[in-house]
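Student: Show me the folded form of this:
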Amino acid sequence: MNKTKSIIWGVAIMALGVIFGGNAMGLFSLNIFFDGWWTLFIIVPSIVSLFTDKEKLSSLGFLATGIILLLAAQNVFSYDVAWKVILAVVLVVVGLNIIIKSVFHNSNDKEVVKKVRDLEDGKTMDSQVAFFSGSDRVYKDELFSGSSLVAVFGGVNLDLRKAKFTKDTVIKTFCLFGGIDIKVPEDIQVKIRSGFIFGGASDERKSTSSKGKHTIYIDAAGGFGGISISDKTKPKHE
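Tutor: Predicted coordinates:
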C-alpha cells in the first residue's frame, strides 16, 4: 500500500471513528447503516484506487458495480435489472481494456511476449503456487533464472533483492482473486505485459532503472487481483 493510499484509508477510518463516537455521546445522530450500506465496501476502495492505482479501468468498473448495487438496494430498480447492468459494465470495461492495450501497449507487449518465449524455451523455472494460502521465496546470493508464480485466493511474495543475475530472465504470473508482490534490485530493468480483467500489474518503484545490465520480463495474467513490483528502498525507520 503506497503512502497516498495509506493516508486516504487513515482519514476514512478516522471519520468512521468520529461518527461512532459522536453517536455514542449524543453529539449528533448519523446512521451509516442505511439500505445498501454494505456496498460501501465496494465503492470506497474503488474511489481510493482511482486516485492511487495506475489501472483506472478496473477501478471504474468496480465503482460502477458498487453504485448499481447501491441503487438496487435503495429500490431505484430491481436486483434482476442490476445484475444485467453489471454484466453490461463488465463487458464494456473488458472491451475497452482490450482496445486500449492493443493501441497503446502493442509494441511493449510484443517485445515481452517474444522475450518470454525465447528465454523460457527448454528451461526449467522455479515455481510458487498459493491456493487459498500464502507463499514466500527469498533469494539470498542465489542465481535467479526465472520463475512461475500462481496466486488463487492467496498471496505470493518473491524477493529478488539479493539474488544474482547473469542474464535477462522471465517471470510468468497468474493471479485470480489474489495478490503477487515481486521485489527486485534497483539496477534491474522490468518490462511488463499485463493481460488482466479487473486488476493489473504495476511497477511501484520510486525510480525505474533504464540502464540496468539485465531485464526481467514479466508476463502477467489473471483477474480480480493485482501484481506489484517494488524495489529495495528501505523504510525510513530502518
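Student: Check which helix or strand the residue in the chain sticking out farthest from the centre maps to.
Tutor: Within the chain, the residue lying farthest from the chain centre (Cα atoms, centre = their mean) is residue 26, at 40.9 Å. Using DSSP states H and E, residue 26 is not contained in any helix or strand.
Student: Could you do the one 4 residues further on as well?
Tutor: With elements delineated by DSSP H and E, residue 30 resides in a region that no helix or strand encompasses.
Student: helix or strand right after the helix or strand bottoming out on mean pLDDT in the chain?
Tutor: Across the helices and strands of the chain, mean confidence by mean pLDDT, DSSP states H and E is lowest for helix 106-120: a mean of 61. Counting by DSSP H and E, the next helix or strand C-terminal to helix 106-120 is strand 126-131.
Student: any idea how far that next one is from the chain center?
Tutor: 18 Å (Cα atoms, centre = their mean, to the nearest Å).
Student: what's next to that strand, contact-wise?
Tutor: Outside of strand 126-131, the residues within contact range by Cβ atoms under 8 Å, 6 or more residues apart in numbering are 135, 137, 145-156, 158, 178. Where C-beta positions appear, they are placed from N, C-alpha and C, glycine not excepted.
Student: same thing with stretch 10-20?
Tutor: Against stretch 10-20 from outside (Cβ under 8 Å, 6+ apart): 30, 32, 44, 48.
Student: Let me have the residues you listed in JSON lines, extended by pLDDT and secondary structure.
Tutor: Converted to JSON lines, these look like this (pLDDT from 0 to 100; DSSP: H, G, I helix; E, B strand; the rest coil):
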{"residue": "30", "pLDDT": "73", "secondary structure": "coil"}
{"residue": "32", "pLDDT": "71", "secondary structure": "coil"}
{"residue": "44", "pLDDT": "83", "secondary structure": "helix"}
{"residue": "48", "pLDDT": "77", "secondary structure": "helix"}
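Student: And the chain, what are its domain boundaries?
Tutor: Here the chain is described, according to automatic domain parsing, as comprising the domains 3-103, 106-230.
Student: Just say which of these is most tucked in.
Tutor: Stretch with highest mean neighbour count among the domains of the chain: domain 106-230 (a mean of 17; mean count of other Cβ atoms under 10 Å).
Student: centre of the chain versus that domain, how much separation?
Tutor: For domain 106-230, the distance to the chain centre is 13 Å (Cα atoms, centre = their mean).
Student: now the protein, which segments are flagged as low pLDDT?
Tutor: The chain contains residues with pLDDT under 70 at 1-6, 9, 52-55, 97-124, 197-198, 206-212, 232-238.
Student: can you give me the strands for this structure?
Tutor: 126-131, 134-143, 147-152, 155-164, 169-176, 179-183, 188-203, 214-230 (DSSP state E).
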